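# Quick one: sequence plus predicted model below, questions after.
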Amino acid sequence: MTVQAMVPRMTEICGTGGVVSDPAELRTYECDGLTSHRAAPGLVVLPETAEQVAEIVTECVRAGVPFVARGSGTGLSGGALPRTDGVLIVTSRMRRIVAIDPVSQRAIVEPGVTNLSVSTAARPYGYFYAPDPSSQVICSVGGNVAENSGGAHCLKHGFTVHHVTGLQIVTPEGELAWLGDGTGAAPGYDLVGMFTGSEGTLGIVTKIVVKLTRIPQVITTLLAAFETTGAGGAAVSAIISAGILPAAIEMMDALAIEAAEAAVACNYPAGAGAVLVVELDGPAADVRRDSAAVRALCQEAGCTEIREADDPAERAAIWAGRKSAFAAVGRISPAYLVQDGVVPRTALGEVLDKIAALAAGSGIRVANVFHAGDGNLHPLVLYNDATPGEEARAEEVSGAILDLCIEHGGSITGEHGVGTDKSKYMTRMFTREDLDTMQLLRCAFDPAGLCNPGKIFPTPRLCGEVPGPRRGVHPAVAAGLAEQF
Amino acid sequence: MSPVSVPGSLARACRAVRPGGPRDAVAGLTPPWVASPADVGEASALLAAATEHELAVVPRGSGTSVSWGVPPHRLDLVIDTLRLDRVIEHAAGDLVVRAQAGVTMSQLAGVLAAARQQLALDTPAGSVNGGQASSPTVGGVLATGSAGPRRLRYGTPRDLLIGITVIRPDGTVTKSGGKVVKNVAGYDLGKLYTGSHGTLGLITEAIFRLHPLPAATAFVTAGYADPAAAAQGVAAAAGSDLAPVAIEIDRPARDGLVRVAVLLEGDPGGISERAALMRGVLGAGTATLDTAPPWWGADPGTSGPGIAGREGRTVIQIGFWAAALPGVLHAVDAAGRAAGLDPAVGGSAAAGVLHAAVPGSAAPEDVAGFLAGLRDRLAQDLEPGFAGGEGPPARASAVVLRAPAAVRDLVDMWGPVPALSLMRALKDQFDPGRLMAPGRFAGGI
């Protein structure tokens, strides 16, 4: 059956307003946050209930049609790239916060609920939802589960997988099932942990039990300036080695600072080669002690200026520069590639120097804005796509940065996921046997191979393809709806 | 069947193979052979030989939990990991350690303490088939997913594991994850293997994220005659902004005092002030201690980490949503009364994990009656209208961790398990020959 022939049945399930089949409208779903991969879906459906999702998937299975789930479309690896011959199941109408149980430190939410709105709903009880990807104003919790999203504060508080204790899913065979019981101690295999981060390939999430975290007694943000990224990297290593666990340690280099300054006038120390944003949270005495220790370690590493903010407005001013950085870079370069790699924290200084050398050698500018505390690099490779050959050189630099990460025992992705974009790199990190073993999971859940096919694992079709450019600013950012990391 | 004999195949795979004896029994079943591979190569060859001869295999570390759980349907070979005992790399600056599966938790703690670091799990010693107490291994802690009081702050093994090497039943050596703390490349199979009780493969190596040892600790204790008041104290401590690392309770007998203790960690200069504030949160009759109360992290109703008095006990782990603590205590009481028993109960109240223990002197039928009554009440009585019925259908579980054989024969040790059909599908993929600890796990897996 062709996907168009499914329209009447899908309309029965979702209502006329819940099905999109007009070609022009379908094109608005052709990419997620990674705009270089595009494919208009064969059909879009907008279910409002878990039961509708189950019926949709059942129809797809019956027809042998592939299906892809999509939340807010902020993903950065093409994980929700649609299939032209398939159905795109958009969860944005499933937006209810079903329950908040502050004593159990749990909430139950639907997948289309935005990340930040969970914290907003929990705040009156003294709680927040800890994983905080930069797109948290717009990104969905369902998408966070698919990608095991991180964020600036996952250094201390952990990733999505540490904050999810139960999932209602529609299996790739169309059945509604609960994984886990919300306690975090359910008997049997840890299906919740395994499903989280499986990038939409093992089923579609329809309800999520998340952990809520107590709002800390005190939060303090430090801004430290350094002459070089190497010196900043040394400070990061010193802080971690000293046994201090800040909530976040973020770094920006000169180019990123310049871009942020131009965009939001963040008033970072003039002439800095790098800045660190270090946030400490917890009991007051511990934050005081750690703050003094961080200051001392930054001084030892050659810090030229340090500022401290503990009221919300001052802290927001420090974060404004960091949070604007991705979008700001989009304004100083006609096109850029966002990379997402990880290195051991002790290797930061060395890898940053090598990235600088790569950039100098190729004549391609690289701006560094990243989660330094956990070694998660986000180099932005800038180029002008109007200049012949520059795009190819940028792609070379971007790929070489991933090679550096792998050489240093790191990873090809810390939080953006493999998706469509990086499946071809998987063989550089894992053996064929490793990848075969991972796919046993897939076979257990999705024997027909209809659930978000073509993602994560390299296929002959994808081998040899090169990463695409990202042009300008993501539409959601331009519209003021999101910030990107 | 292969023309080569089983002992010949095993001996070719591994230099240390011997006949099994009573001390090697797995939940009462004695294996014909025990092999102790010296390296991953030998371990892989052993599993390949086991597959060739269709031998049922149970992996074993220190053996502190082999007497737990359900006996395997059959057992031909125990693979002892104790010779895989190397801490391969402690990257102190990165707060990461890579260790072989046979490294004991106490050995690992010693290595890490030299850099003032820790793997933040509480894993008390256990006895091996009634013998001396010994420290569990890294592999055993992962396979059982065990954790203690500090799970409230640091989580369980699955939260601290960042990379794993596992040998599949056919001998294929595979890994997932890596040695960086942040990594989303590929499926995170470590989550699947953690808590899988040896049913999917043999864990040979693990990489963990570490935490600094705390600069100072303090325990704040309280006692409550009324369980409801104790539950209120626990909820108030958990909801405070004083950053409790663990909140434990212990109630040795039904009408006895409920003891509550809260662990604080942090700056030496601030911890006494924080402890004083926590005493205010807990109410009357509180004290601050420098060291843990004797019952901390121990079996309910026992004192200290010793194993005396634990033999023959039935220990049931109850998982629940923390707000249901009063209801869970009530369920234990009601089921205990109905069965004519007075179980001790204790554990990580704020994290939603308690243990109920019944002495070995109890009649097996009464223990079975208590378990059935407890499960019924957990299923029916805990806030039946919660979340308008849209939450998980079961929000509590009762799993028997240890029980004497006479009890084991009467009860369903695991009880109802959500999404069992998906678990069975996984088992079919990873272990199609059903050779890895067959029958030891939930739902007969």
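Received the coordinates, thanks. Numbers count the residues shown, from 1 in each chain, chains lettered A, B, ... in the order given.
# what about residue 347, how many residues close to it?
Let's take chain A. Residue A:347: 23 surrounding residues under other Cβ atoms under 10 Å in any protein chain shown. (Glycine included, C-beta is placed from N, CA and C.)
# my question was about chain B
21.
# Also residue A:360?
Residue A:360 has 11 neighbours, counted by other Cβ under 10 Å.
# Show me what the helix ranked longest in chain B packs onto, helices and strands only.
The longest helix of chain B (DSSP state H) is helix B:364-380. On a contact count with 3 or more Cβ pairs under 8 Å, 6 or more residues apart in numbering or on different chains; DSSP states H and E, helix B:364-380 meets strand B:314-320, helix B:325-339, strand B:353-358, strand B:396-402, helix B:405-408.
# For chain A, find the nearest of these.
Checking these against chain A by Cβ to the nearest Cβ gives strand B:314-320 as the closest, at 3.3 Å.
# Just the C-alpha atoms of that closest one, please, in CSV.
What follows is strand B:314-320, C-alpha atoms only, in CSV (Å, rounded to 0.1, in the frame of the first residue of the first chain):
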residue,chain,number,x,y,z
THR,B,314,13.7,-14.6,53.5
VAL,B,315,14.4,-11.1,52.3
ILE,B,316,11.9,-9.3,50.0
GLN,B,317,12.8,-6.1,48.2
ILE,B,318,9.9,-3.7,47.8
GLY,B,319,10.1,-1.0,45.2
PHE,B,320,7.5,1.8,45.4
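# Identify, among the helices and strands of chain A, the element with the weakest mean pLDDT.
Ranked by mean pLDDT, DSSP states H and E, the weakest helix or strand in chain A is strand A:470-471, scoring a mean of 42.
# can you tell me which residues contact residue B:338?
Each residue near residue B:338 by Cβ atoms under 8 Å, 6 or more residues apart in numbering or on different chains is listed here: B:369-370, B:373.
# Tell me, how many residues neighbour whatever residue of the stretch 201-350 of chain B ends up closest to chain A?
Ranking the residues of the stretch 201-350 of chain B by distance to chain A (Cβ to the nearest Cβ) places residue B:270 first, at 2.1 Å. Counted by other Cβ under 10 Å, the residues lying close to residue B:270 total 20.
# got it, and residue A:386?
Other residues near residue A:386 come to 9 when the count uses other Cβ under 10 Å.
# For residue A:255, give me phi and psi.
Main-chain dihedrals, residue A:255, degrees, to the nearest 10: phi -70, psi -40.
# about what we covered before: tell me which residues in the longest helix of chain B are buried?
For helix B:364-380, the neighbour count (16 or more other Cβ atoms under 10 Å in any protein chain shown) marks B:364, B:366-375, B:377-379 as buried.
# now for the helix or strand of chain B with the lowest mean pLDDT, which elements pack on it?
Sorting the helices and strands of chain B by mean pLDDT, DSSP H and E puts strand B:126-127 at the bottom, at a mean of 76. Helices and strands touching strand B:126-127, by 3+ Cβ pairs under 8 Å, 6+ apart, are strand B:133-134.
# right, and the helix or strand after the strand it packs on?
helix B:138-144 (DSSP states H and E).
# Can you list the buried residues in that following helix?
For helix B:138-144, using 16+ other Cβ under 10 Å, the buried residues are B:138-144.
# Check whether that helix comes near chain A.
No - legend: contact between helix B:138-144 and chain A by Cβ under 8 Å from any Cβ of the partner chain is lacking; minimum distance shown is 11.2 Å.
# Residues touching that helix, excluding its own?
The contact list for helix B:138-144 (Cβ under 8 Å, 6+ apart) reads B:59-62, B:64-65, B:68, B:81, B:84, B:99-105, B:108, B:121, B:123, B:136, B:157, B:161, B:164, B:193-198, B:203-204, B:206.
# ok, which of those also contact chain A?
On the criterion Cβ under 8 Å from any Cβ, B:194-196 are the entries of the contacts of helix B:138-144 that sit beside chain A.
# Surely the residue of the stretch 201-350 of chain B closest to chain A forms part of a strand?
No - counting by DSSP: H, G, I helix; E, B strand; the rest coil, residue B:270 is not found in a strand; it is helix.
# Pretty sure it sits against residue A:285.
Yes - Residue B:270 is in contact with residue A:285 according to Cβ atoms under 8 Å; the separation is 2.1 Å.
# which ones are touching residue A:170?
By Cβ under 8 Å, 6+ apart, the residues touching residue A:170 are A:50, A:53-54, A:57, A:176-177, A:203-204, A:206.
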